[in-house]
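Novice: I need the structure of the sequence given here:
(one chain, ligands or ions: 1)
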Amino acid sequence: MDDADLLRSLGVDPSTLDPAPAAPWRIAGAERLDGRHPCVRCGKPATLVGIVDLPGYGRRWLDRCMPCLLATTPRGKPQAPLADTLAVLREAAREAGVELTIVADES
Ligand SMILES: [Zn+2]
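Specialist: Okay, here's the model as predicted:
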């Protein structure tokens, strides 16, 4: 997913985002997390900041909160089927002599 796809998935018009500086931007980004910038998706104070770079708009700040980041981040397909992963975890727990409780959500 490129920056244009990300903004489309968020329903954000890039022209509404604040212009962002050129690198290095991490200090300016950290200063942005002062509670004054709302999440572009839900409007709550942003807890994460990133930069998107779009033709015609340049670098723009993308302010989000963690729940919205997680809700809009595509999840890749697992590298191994869940059953295989669980078998490895159970074997490791058996070898370590510890009791293991696994809670998984396959969605
Ligand atoms: Zn949000």
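Novice: what's the end-to-end length of stretch 68-81?
Specialist: Counting by Cα to Cα, to the nearest Å, the length from the leading to the trailing residue of stretch 68-81 is 27 Å.
Novice: what residues does that stretch touch?
Specialist: Applying Cβ atoms under 8 Å, 6 or more residues apart in numbering, the contact partners of stretch 68-81 are 1, 6, 9, 10, 39, 40, 41, 42, 48, 64, 85. Quick note: C-beta positions are derived from backbone N, CA and C, even for glycine.
Novice: in helices, which of these fall?
Specialist: 6, 9, 10, 85 (DSSP state H).
Novice: the second one: neighbour count?
Specialist: Meaning residue 9. 14 (other Cβ atoms under 10 Å).
Novice: what's the pLDDT at it?
Specialist: Residue 9 carries a pLDDT value of 87.
Novice: I figured it hits residue 2, correct?
Specialist: No - using Cβ atoms under 8 Å, residue 9 is not in contact with residue 2, being 10.9 Å away.
Novice: go ahead and flag the most central residue of this protein.
Specialist: By Cα atoms, centre = their mean, the mean C-alpha position of the chain lies nearest to residue 69, the distance being 3.9 Å.
Novice: that one sits in which helix or strand?
Specialist: For residue 69, the element it lies in under DSSP states H and E is helix 66-72.
Novice: close to the ion: what parts of the chain are there?
Specialist: Within the chain, the positions lying close to the ion (Cβ under 5 Å from the ion) are 39, 41, 42, 65, 68.
Novice: repeat that for 6 Å
Specialist: Neighbours of the ion within the chain, by Cβ under 6 Å from the ion: 39, 41, 42, 44, 64, 65, 67, 68.
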